[in-house]
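J.: No letters, just coordinates:
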């Protein structure tokens, strides 16, 4: 990973003065996306009681995810065509419109349509949160800005279920979407005030849309999302394998495309591919939290609210680990942090797996939470440095926006695969909740160890930037 030796900027520099507005927009867009994910899941049962459509329950997440993945792949092109200000306004407008459709939907079919539009806008917002960092902020603030944006997932994990649960409790689920629209408007007001129309002449060069790679990756997302909905583990496994084959095909097609989804540096001797692979492994490992509330209720008899907060322990660890890690600037320190991240994830998940038991008492539940916090901290300490590594590892300055935007695409695809794989592993456990939980946790701990290998390549021994990468970083930082 290429790391500048200059001292990192401070949180005060990022969160005060002229950079505060930019930070608020970047974090606000990511927070809208993350909060919406958890808010919708918490109020959906109440919505179904009102408008029906139980058979479409799982598809509310599937259509949102597929639309998000597709739009995340055109973030850099939207940014090039419209500039930071225009791109954000488009994403916010689509997100607000989709949310309004959800709030007013008289049927589940129309709510699904709203979720698709919401997902398309949300995918743009989530991708822009990373893609605009390297053009709207100076280089020494990239790591902290990345940490701030990523931390919004921790905020969404806590705020989303709480807000959605409160509105659902009073039968006012539509007003939860209304509150989300109000927050979207607040971010929208800031955009023209703090973001530039253009960031340079390179923004005006709009590359053609890579139709074949986009189609392949969208198909892979659809197939793996369907796999996560299947009850038969064997058929689901075949679907996951098919999705993996489509991803391999996508990589081959994207490598041949002159204007692919991933920047050309991904397919060179640059560490960029290892950075993306490490991000993918960490994102997949984080999907364990989807099943933690279920295990808490089944194995420890926790109340739904308590089990929900147990599921948020990983997000808490992510946030706790990320904030102090963003202060690290010395290349040797950053290298050790990145390499140790996946190892901590593996250790945390293994701890929880080892202490799992049926009819678990409060002591064991506390150890579960500790293991999840350790795993989350492993993701958190490595994430901001991996994201900056992706921004810095390009061979040409023009690749910077694509490299940044691809972070979110890789994360979303990895989340889809992780969720589907987790569902398959849980089903393989059969009727034993304990066996299902252990199989899931040990398997994902092993996956995290694989990430330890990719992290070693993502953070090479020689931390000094090569000449081409140095020129790219300095030109992008302006």
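T.: Sure thing, it's come through. Just so we're clear, the structure is a prediction, and the values are computed from it rather than from any experiment.
J.: Could you find the closest non-adjacent residue to residue 179?
T.: residue 163 (6.7 Å; C-beta to C-beta, 6 or more residues apart in numbering). Where C-beta positions appear, they are placed from N, C-alpha and C, glycine not excepted.
J.: what does residue 79 give?
T.: Using C-beta to C-beta, 6+ apart, the nearest residue to residue 79 is residue 87, at 4.8 Å.
J.: ok, which stretches of the stretch 251-400 of the chain are strands?
T.: Assignment of strands within the stretch 251-400 of the chain using DSSP state E, counting those that start in this stretch yields no ranges at all.
J.: go on, the stretch 101-250 of the chain?
T.: For the stretch 101-250 of the chain, no strands turn up when DSSP E, counting those that start in this stretch is the criterion.
J.: low-confidence ranges in it?
T.: Applying pLDDT under 70 to the stretch 101-250 of the chain picks out residues 199-207.
J.: Mind doing that once more with 80?
T.: Applying pLDDT under 80 to the stretch 101-250 of the chain picks out residues 134, 154, 157-158, 161-162, 165, 169, 198-210, 228-233.
J.: State the pLDDT value of residue 345.
T.: In this model, residue 345 is scored at 97, pLDDT.
J.: wait, it sits on residue 379?
T.: Yes - between residue 345 and residue 379 there is a contact under C-beta atoms under 8 Å: 6.0 Å.
J.: so how far is residue 64 from the residue nearest to residue 101 when sequence neighbours are not counted?
T.: Closest residue in space to residue 101, ignoring its immediate chain neighbours: residue 114 at 3.1 Å, by C-beta to C-beta, 6+ apart. In this view, residue 114 and residue 64 are 10 Å apart by C-beta to C-beta, to the nearest Å.
J.: Please enumerate the shared neighbours of residue 345 and residue 379.
T.: 282, 285 (C-beta atoms under 8 Å, 6 or more residues apart in numbering).
J.: residue contacts, the residue nearest to residue 179?
T.: 35, 39, 176, 179.
J.: Pick the one among those residues closest to residue 122.
T.: residue 35 (10.3 Å; C-beta to C-beta).
J.: What about that closest one? Give its phi and psi, please.
T.: Residue 35 adopts backbone torsions of phi -60, psi -40, taken as degrees, to the nearest 10.
J.: Would you quantify the distance from it to residue 434?
T.: As judged by C-beta to C-beta, residue 35 and residue 434 stand 33 Å apart.
J.: Just the pLDDT at residue 283, thanks.
T.: 93.
J.: my bad, should have said residue 422
T.: What the model reports for residue 422 is a pLDDT of 85.
J.: Could you give the number of residues near it?
T.: A count of nearby residues for residue 422, using other C-beta atoms under 10 Å, gives 24.
J.: For it, pull up the helix or strand it's in.
T.: Element membership for residue 422, per DSSP states H and E: helix 400-428.
J.: so who does the nearest residue to residue 151 once chain neighbours are set aside touch?
T.: Excluding its sequence neighbours, the residue lying closest to residue 151 (C-beta to C-beta, 6+ apart) is residue 319, at 5.1 Å. By C-beta under 8 Å, 6+ apart, residue 319 lies in contact with 151, 154-155, 376, 380.
J.: between residue 35 and residue 434, who's got more neighbours?
T.: residue 35 (25 against 15).
J.: Residue 179 is in contact with the more buried one, correct?
T.: No - in this structure, residue 35 is not within contact of residue 179 by C-beta under 8 Å, at 9.7 Å.
J.: Now do the contacts for residue 34.
T.: 152-153, 155-157, 160.
J.: what helix or strand is it on?
T.: helix 18-51.
J.: How much space separates residue 169 from residue 181?
T.: 20 Å.
J.: Now do stretch 309-326: distance to the chain's middle.
T.: Counting by C-alpha atoms, centre = their mean, to the nearest Å, stretch 309-326 is centred 14 Å from the centre of its parent chain.
J.: Just the buried residues of it, please?
T.: Neighbour counts using 16 or more other C-beta atoms under 10 Å place 309-323, 325-326 of stretch 309-326 among the buried residues.
J.: do stretch 430-449 as well
T.: Those would be 433, 436-445, 447-449, for stretch 430-449 by 16+ other C-beta under 10 Å.
J.: Repeat that for stretch 28-46.
T.: Within stretch 28-46, the residues scored as buried using 16+ other C-beta under 10 Å are 28-40, 42-44, 46.
J.: Next up, the contacts around the spatially most central residue of the chain.
T.: The centroid of the chain falls nearest to residue 411 when counting by C-alpha atoms, centre = their mean (4.6 Å). Residue 411 makes contact with 279-280, 283, according to C-beta under 8 Å, 6+ apart.
J.: between those, which is nearest residue 354?
T.: Using C-beta to C-beta, the contacts of residue 411 come closest to residue 354 at residue 283, 24.0 Å.
J.: does the closest one really touch residue 421, like I thought?
T.: No - using C-beta under 8 Å, residue 283 makes no contact with residue 421, being 12.0 Å away.
J.: What's the separation between the residue of the chain most remote from its centre and residue 430?
T.: Here the chain reaches farthest from its C-alpha mean at residue 359, the gap being 33.3 Å by C-alpha atoms, centre = their mean. Distance of residue 359 to residue 430, computed by C-beta to C-beta: 19 Å.
J.: Equivalent analysis for residue 315, please.
T.: Counting by C-beta to C-beta, the gap from residue 315 to residue 430 is 29 Å.
J.: Next: residue 156.
T.: Counting by C-beta to C-beta, the gap from residue 156 to residue 430 is 33 Å.
J.: Residue 114 and residue 64: which has the busier surroundings?
T.: residue 64 (26 against 22).
J.: Find the nearest non-adjacent residue to the more buried one, please.
T.: residue 119 (3.8 Å).
J.: contacting residues for that neighbour?
T.: The contact partners of residue 119, by C-beta under 8 Å, 6+ apart, come to 63-68, 71, 98.
J.: Would you quantify the distance from it to residue 161?
T.: Residue 119 sits 19 Å away from residue 161, going by C-beta to C-beta.
J.: One more: residue 352?
T.: Per C-beta to C-beta, residue 352 is found 21 Å from residue 161.
J.: Show me which of these two is the more surrounded one.
T.: residue 352 (27 against 24).
J.: was I right about that one contacting residue 364?
T.: No - Residue 352 is beyond contact range of residue 364, at 9.6 Å (criterion: C-beta under 8 Å).
J.: Check whether residue 176 really touches residue 39, as I assumed.
T.: Yes - with contact defined as C-beta under 8 Å, residue 176 reaches residue 39; the gap is 6.0 Å.
J.: re the thing from before, just after the helix holding residue 422, pick out the following helix or strand.
T.: helix 433-458.
J.: Could you pull up the mean pLDDT of that next one?
T.: Per-residue pLDDT values across helix 433-458 average out to 93.
J.: And that helix, what does it pack against?
T.: Applying 3 or more C-beta pairs under 8 Å, 6 or more residues apart in numbering; DSSP states H and E, we find helix 433-458 packed against helix 272-286, helix 292-300, helix 331-355, helix 362-392, helix 400-428.
J.: quick one on the thing from earlier: what's the offset of the helix holding residue 34 from the middle of its chain?
T.: Distance of helix 18-51 from the chain centroid (C-alpha atoms, centre = their mean) equals 13 Å.
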